[in-house]
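**Student:** show me the folded form of this:
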Amino acid sequence: MTKIEKWPNLFVVGAVKSGTTSLWAYLKQHPEIYFPELKEPHFFTHPQPAPEQRHCIRYIDSEDNYLRLYQGVDKVQYLGDASPSYLWSEIAAREIAQRSPQAKIIIILRDPVQRAYAQYLMDFNEGVTDLDFFSALQRDWMRADKGWGVSQLYVELGLYHDQIQRYFSLFTREHVAVLLLEDLTRRPLQVLENLAAFLELSPMPFQEIDFHRAHNHYARPRGNWARRLAGNPLSRTVGEYFFPQRWGEYIWRNIFLREEQKPAIDPRAKAWLINKFRPEVERLELLLQRPLPELRRSWPDTAAPNPAECQLQTESHLR
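**Tutor:** Down below sits the predicted model:
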């Protein structure tokens, strides 16, 4: 008897720390969309984490276990996977195209400087690093060995142009939606209604969502004891594999963390990142044929190009 395989046909592929958790939480409330409780299987990335980071990353490496996430799910139009490693991973993009060539791809972007800083704060809070932000950036950038679960990829995860171009080439632009975190934050219902049109679904279920609930908002550990526990391989493994994901997240956010104002970014780190990302954002504006001031949200005014120049560059690209 032939085994029937049901592969996902909707992928929220990233970027990391750019609103994928909120998007996942909203999309899964539509009755025609199913996401498993494990938001980030990372199956198509095939992570090979370094020993010191193995306990920090939960992923599925078996095809049978991956397909089991969707077993018994019927009468929905979309099976979803929201693994943010897929935007960065060349392997993931190719394999998704092979397994689900008609899939719809959703990409959500954020100012790459803010994205990198948000990732660093998460790493620091979870005991992954004890370095200050600028030192962590330099160390990660200079590493020879890089990969998902090997290095932090603070810069690489914000190099959006080639990553988006890869999905355009594999799936065509009509099957790829590119969103901005600022739009999802300010106008969530409008973004979701546009996504409903992209997915050819009724927008009505999205109108019932409570958009006041924050997802993955900033909070700080209650002390070094919380960071040490979060970074300890034994406690992390127990939390990841012996408790339901919802329980672990509730305990982490309500017992280990407290809400605080996000600390200001180190000016040295900010200047260094802007220098890295300036040409990248300009290339992305040409690719998407639109200005992207949202991706320079934290930059000084002098870092942004003149709007007239940007328009001339776009017109030149279109000729």
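**Student:** switch to C-alpha atoms for all contacts and neighbour counts from now on
**Tutor:** Noted.
**Student:** and the closest residue to Thr45 other than its chain neighbours, which of the three is it?
**Tutor:** Distances taken as Cα to Cα, 6 or more residues apart in numbering put Ala92 closest to Thr45, at 4.8 Å, once the chain neighbours are dropped. Three-state call for Ala92 (DSSP: H, G, I helix; E, B strand; the rest coil): helix.
**Student:** Ala92 touches Gly14, doesn't it?
**Tutor:** No: the pair Ala92 / Gly14 is not scored as a contact, 11.9 Å apart, by Cα atoms under 8 Å.
**Student:** identify the contacts common to those two.
**Tutor:** Taking Cα atoms under 8 Å, 6 or more residues apart in numbering as the contact rule, Ala92 and Gly14 both touch Tyr86.
**Student:** please pull out the lowest mean pLDDT helix or strand from the chain.
**Tutor:** For the chain, using mean pLDDT, DSSP states H and E, the weakest element among its helices and strands is helix 307-318, scoring a mean of 39.
**Student:** show me what counts as buried in whichever strand or helix holds Glu193.
**Tutor:** Assessed by DSSP states H and E, Glu193 sits inside helix 188-199. Judged by neighbour count (16 or more other Cα atoms under 10 Å), helix 188-199 contains these buried residues: Pro188, Leu189, Val191, Leu192, Glu193, Leu195, Ala196, Leu199.
**Student:** same check on stretch 63-72?
**Tutor:** Across stretch 63-72, burial judged by 16+ other Cα under 10 Å covers Tyr66, Leu69, Tyr70.
**Student:** ok now the helix holding Glu193, how far from the chain's centre?
**Tutor:** Remark: helix 188-199 is offset 18 Å from the chain centroid, using Cα atoms, centre = their mean, to the nearest Å.
**Student:** centre of the chain to the helix or strand that Asn65 is a member of, how far?
**Tutor:** Using DSSP H and E, Asn65 sits in helix 63-68. Relative to its parent chain, helix 63-68 has a centroid offset of 22 Å by Cα atoms, centre = their mean.
**Student:** convert the one helix or strand Ala25 maps to to CSV, retaining C-alpha atoms only.
**Tutor:** Per DSSP H and E, Ala25 falls inside helix 20-27. The C-alpha trace of helix 20-27 is given here as CSV (Å, rounded to 0.1, in the frame of the first residue of the first chain):
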residue,chain,number,x,y,z
THR,A,20,7.3,35.4,12.8
THR,A,21,5.9,34.4,16.2
SER,A,22,3.1,37.0,16.0
LEU,A,23,2.4,36.0,12.4
TRP,A,24,2.2,32.3,13.3
ALA,A,25,-0.1,33.1,16.2
TYR,A,26,-2.4,35.1,13.9
LEU,A,27,-2.4,32.7,10.9
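**Student:** now do the same contact list for the closest residue to His175 other than its chain neighbours.
**Tutor:** Spatial nearest neighbour of His175, excluding adjacent residues (Cα to Cα, 6+ apart): Lys104 at 5.0 Å. Listed by Cα under 8 Å, 6+ apart, the contact set of Lys104 reads Asn9, Leu10, Phe11, His175, Val176, Ala177, Leu199.
**Student:** swap in 10 Å and give it another go.
**Tutor:** By Cα atoms under 10 Å, 6 or more residues apart in numbering, the residues touching Lys104 are 8-12, 78, 80, 171-172, 174-177, 198-199.
**Student:** list just the nearest of these to Leu131.
**Tutor:** Checking those against Leu131 by Cα to Cα gives Val12 as the nearest, at 30.8 Å.
**Student:** which SS class is that closest one?
**Tutor:** Of the three states, Val12 takes strand according to three-state DSSP.
**Student:** verify the contact between it and Gly80 for me.
**Tutor:** Yes: contact criterion Cα atoms under 10 Å: Val12 and Gly80 qualify, at 7.6 Å.
**Student:** which strands or helices does the longest helix along the chain pack on?
**Tutor:** Longest helix in the chain, counting residues (DSSP state H): helix 267-288. If you count contacts as 3 or more Cα pairs under 10 Å, 6 or more residues apart in numbering; DSSP states H and E, helix 267-288 packs onto helix 112-125, helix 133-142, helix 160-171, helix 307-318.
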